[in-house]
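With the sequence up front, the predicted model follows.
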Amino acid sequence: MRKWLGSIAVAMALLAAAAAPAAAASPAEDQLKSEIDGALEQIKVSTNGVLRWEGSDKFELSQADGGAVALITNARFAIRIPDEARVVFDRIEIRRTLEPGGNRVKFAMVLPTEAKLTDPKGEEMKLTLKDAKGSMIVEEPESRPRASEISAAGARIEHVGSGSWASFGPLNLTSTVTAGPDGGWTIPTTVELKQIEFFVSDGPVTGIVEKISYDAHAAGPSLAAFDKARDDLAALRLAEGTTPDERTKAIIALLPEFAGAFGKMDGKFEIDGTTVRDATGAALAALKEAWFGVAMDGLSGEAASLRFTIGHDGLELSPSLLEPDKVPHKVTLDFGFENVSTAALRTMFDVAAKMQGASEAEQQQATGKLLGAAAMLHPVFRIYHFVFDVKDAGVDATAEARGSPLSPKGYTAEGDVKLRGVDALPALIDDAPFAAYLPLLKELGKPDKTADGTSVLGFRIASTPQQRLSLNGHDITAWISDDKPGPARILRPADPPMEGADVGAVQRALAAAKAQDVPQSGVYDGATAAAVARYQKQAGINVSGAVDAATRDRLGVKPAAEPGKPGVPAPRR
């Protein structure tokens with residue numbers, strides 16, 4: 001499977017690279033050859049070593065239809081995804097023409113119908129293309145790309161030795177830089193790949209993906225600033241003799257420039273209609289849709305936002321892969337940061353750039369500045385939506401936190417969680433940490449119903465400097481309190497559970513108070529914590545499921561003698 005996935009990447013990378021010469025100048029044939037030679041030689045740098053030009057058997061130039069044409073015979077590339085393979089195109093045609101207006105040049109490329117790929121072990125793969133072509137428009141005299149397009153009616157990759165294969169098509173990619181009337185810019189980018197099918201002989205398994213797509217949009221307040229930032233990055237990529245470490249440091253130094261050039265960016269990657277089958281045709285896995293998205297806004301203003309979305313819907317797995325009750329049919333995680341101070345962010349970028357190559361003393365000073373700037377970010381962290389659904393249980397949550405952890409003054413956090421199928425959870429999470437305390441959740445949760453009438457337990461979680469942690473209005477800070485061994489320690493949920501004479505004394509007091517289902521084990525387990533919560537409700541005191549001083553006093557349990565004294569066992573965790 002890795003071979004054909006790598007081969008698809010080879011085909012797409014070659015389409016993109018060959019369709020994008022790096023420069024444009026006069027229409028003379030020798031100038032065209034120089035441009036193409038330069039572009040091909042620079043591919044290694046511009047792709048960070050993933051793609052490398054290795055020459056050709058013949059390079060013919062001619063004039064046709066008001067432009068120049070280059071015919072390259074047996075064009076050879078090396079590609080590393082992740083191991084190095086080689087591909088040979090028997091014929092590539094590149095045509096150069098002037099666009100209306102006189103300051104733009106179009107490069108159009110046509111790929112052949114067949115190519116040969118060879119993996120590091122010398123095994124061959126055959127690549128068949130149908131109507132594969134690409135184009136790029138660059139603006140003179142700066143030679144800046146303004147539009148690109150790649151398309152193929154179809155493609156098929158076949159591993160000659162094993163018989164494994166993959167096919168896809170059609171493929172379409174478009175990206176255009178558009179100048180705005182106010183001097184700004186926008187770049188919409190779309191990629192769509194349909195009808196992906198594959199066969200892997202190792203399984204053997206077959207599969208189909210209906211569509212893979214990517215939609216993105218970027219914009220900024222100044223096209224001139226964007227062009228300069230992109231020129232600086234291109235110059236960095238094309239610099240000869242730079243090590244990866246040097247290139248990374250230089251990219252960090254460019255971050256403030258890019259932060260000012262971009263106003264917003266967003267993009268979403270989606271996969272629709274995936275099915276994988278075994279040799280008998282039985283479905284191993286099916287997925288309705290999966291997605292990943294990133295969005296940034298406000299980068300050129302006073303406050304910025306960053307949002308991530310990842311998830312899937314409609315996942316089905318064969319019982320041979322996972323028990324049906326444990327299959328996560330739907331998962332969504334949508335979270336991000338709002339109101340991030342761009343002034344503080346730019347300060348962090350500037351300091352990070354200056355730290356490169358600084359002395360130890362200078363780096364220590366810069367670290368202090370970084371922490372100071374981070375404290376001024378004042379972000380709002382949000383979980384817009386979190387969903388995790390299996391057949392008989394599920395979680396639906398939202399949350400928000402305001403203020404910087406480095407500057408806790410005014411810090412607040414709160415969230416709402418709805419839990420479906422709490423009785424099914426023990427079988428799902430088995431011996432996971434704190435799984436034994438699910439009975440306590442049933443005591444602390446508020447019964448509720450969703451819009452469709454499904455019964456759930458609701459939990460309102462909050463945290464402030466005054467009250468570190470509360471649940472449905474009750475203080476549960478004891479859950480995260482530091483352990484203080486001794487006769488008056490707080491008994492709380494723990495993994496492993498707390499044990500000792502003090503636990504036994506609380507269990508006996510609960511039984512005397514006629515609390516239901518109280519074990520007499522000397523272990524502070526889930527049943528004991530739930531019994532404590534029931535007693536706290538009845539007594540009208542803080543409901544936490546933990547035994548603090550107030551609960552111990554109400555139960556009439558006195559602290560045991562000091563641990564280590566004759567006849568008194570020490571409390572144990």
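Nice, I can see it. Numbers count the residues shown, from 1 in each chain.

The stretch 401-550 of the chain: strands as residue ranges?
For the stretch 401-550 of the chain, the strands defined by DSSP state E, counting those that start in this stretch cover 407-420, 446-449, 455-463, 470-471, 474-475.

Can you tell me what sits against stretch 201-211?
With contact meaning Cβ atoms under 8 Å, 6 or more residues apart in numbering, stretch 201-211 is reached by 1, 159, 162-164, 192-200, 270-279, 284. Where C-beta positions appear, they are placed from N, C-alpha and C, glycine not excepted.

Buried members of these into PyMOL, please.
Selection of the buried residues among these in PyMOL, burial being defined by 16 or more other Cβ atoms under 10 Å:
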select buried, resi 159+162+164+192+193+194+196+198+199+200+271+273+274+276+277+284
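
Counting neighbours, what do you get for the closest residue to Met348 other than its chain neighbours?
Spatially, and ignoring its direct neighbours in sequence, Met348 is nearest to Ala373 (4.7 Å; Cβ to Cβ, 6 or more residues apart in numbering). The burial count assigned to Ala373 is 21, neighbours taken as other Cβ atoms under 10 Å.

same deal with Leu371?
Each residue near Leu371 was counted by other Cβ under 10 Å, and the total is 12.

Give me the buried positions along whichever helix or strand it is part of.
Secondary-structure assignment from DSSP states H and E places Leu371 in helix 360-375. The neighbour-count check on helix 360-375 (16+ other Cβ under 10 Å) flags 366, 369-370, 373-374 as buried.

now those residues in TSV, with distance to Ala229 and pLDDT?
Formatted as TSV, the buried residues of helix 360-375 follow (distance: Cβ to Cβ, whole Å; pLDDT from 0 to 100):
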residue	distance to Ala229	pLDDT
Ala366	23	82
Lys369	24	84
Leu370	23	83
Ala373	22	81
Ala374	24	79
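
Pick out whichever of those sits closest to Leu333.
Nearest to Leu333 among these: Ala374, at 24.1 Å, using Cβ to Cβ.

Tell me how far the closest one lies from His159.
Noted for Ala374: a distance of 50 Å to His159, by Cβ to Cβ, to the nearest Å.

likewise Arg489?
64 Å.

how about the nearest residue to Ala64 once chain neighbours are set aside, what does it touch?
Excluding its sequence neighbours, the residue lying closest to Ala64 (Cβ to Cβ, 6+ apart) is Arg95, at 7.5 Å. By Cβ under 8 Å, 6+ apart, the residues touching Arg95 are 64, 67-70, 107-110.

my guess is Tyr411 meets Val380, correct?
No - in this structure, Tyr411 is not within contact of Val380 by Cβ atoms under 8 Å, at 11.2 Å.

Now do the shared contacts for these two.
401-402.

Now the phi/psi pair for Ile208, please.
Dihedral angles of Ile208 (phi, psi; degrees, to the nearest 10) stand at phi -150, psi 140.

so where's the stretch 101-250 of the chain uncertain?
By pLDDT under 70, the low-scoring segments of the stretch 101-250 of the chain are 237-241, 244.

Which parts of it are strands?
104-110, 114-118, 124-130, 133-139, 144-152, 154-159, 165-168, 171-176, 178-179, 185-200, 205-220.

what's the angle between the first one and strand 133-139?
What separates the directions of strand 104-110 and strand 133-139 is an angle of 170 degrees, with axes from the mean of the first three to the mean of the last three Cα atoms, to 10 degrees.

Quick check, pLDDT for the nearest residue to Ala216 once chain neighbours are set aside.
Nearest residue to Ala216 in three dimensions, chain neighbours excluded: Gly267, at 3.3 Å (Cβ to Cβ, 6+ apart). Here, the pLDDT recorded for Gly267 equals 96.

Report the next helix or strand after whichever strand or helix holds Gly267 in sequence order.
Using DSSP H and E, Gly267 maps to strand 264-277. Past strand 264-277, further along toward the C-terminus, the next helix or strand under DSSP H and E is strand 283-297.

angle of the helix or strand just after that following strand against strand 264-277?
Using DSSP H and E, the next helix or strand after strand 283-297 towards the C-terminus is strand 303-317. If you take the same axes, to 10 degrees, strand 303-317 sits at 10 degrees to strand 264-277.

tell me the angle strand 303-317 makes with strand 283-297.
Going by the same axes, to 10 degrees, strand 303-317 makes 180 degrees with strand 283-297.

Now do strand 303-317, average pLDDT.
According to the model, strand 303-317 has a mean pLDDT of 96.

Check which helices and strands it sits against.
If contacts are counted by 3 or more Cβ pairs under 8 Å, 6 or more residues apart in numbering; DSSP states H and E, strand 303-317 sits against strand 283-297, strand 330-341, helix 342-355.

what sits against Asp266?
Applying Cβ under 8 Å, 6+ apart, we find Asp266 in contact with 216-218, 293-297.

what about Lys33, how many neighbours?
15.

On the pLDDT front, check the closest residue to it other than its chain neighbours for me.
With sequence-adjacent residues excluded and distances taken as Cβ to Cβ, 6+ apart, Lys33 is closest to Leu61, at 5.7 Å. Predicted confidence (pLDDT) for Leu61: 84.

residues near the nearest residue to Asp448 once chain neighbours are set aside, how many?
Nearest residue to Asp448 in three dimensions, chain neighbours excluded: Gly458, at 4.2 Å (Cβ to Cβ, 6+ apart). The number of residues packed near Gly458 is 15, by other Cβ under 10 Å.

again, but for Lys391
With other Cβ under 10 Å as criterion, Lys391 counts 15.

what about it, which helix or strand?
Here Lys391 sits in a region with no helix or strand, counting by DSSP H and E.

correct me, but it touches His329?
Yes - in this structure, Lys391 is within contact of His329 by Cβ under 8 Å, at 7.2 Å.

picking up where we left off before, would you mind checking which of the contacts of Arg95 is nearest to Phe434?
Once Cβ to Cβ is applied, the member of the contacts of Arg95 that ends up nearest Phe434 is Met109, at 59.1 Å.

What's opposite that closest one in the beta bridge?
Ile94, Gly134 (DSSP bridges).

From Glu246, how far off is Ala64?
43 Å.

the more surrounded of the two?
More crowded of Ala64 and Glu246, by other Cβ under 10 Å: Glu246, with 14 against 9.

how close does the more buried one get to Thr275?
As judged by Cβ to Cβ, Glu246 and Thr275 stand 46 Å apart.

go on, Asp517?
From Asp517 to Thr275 the distance is 48 Å (Cβ to Cβ).

what does Lys106 give?
Remark: distance between Lys106 and Thr275 (Cβ to Cβ) = 40 Å.
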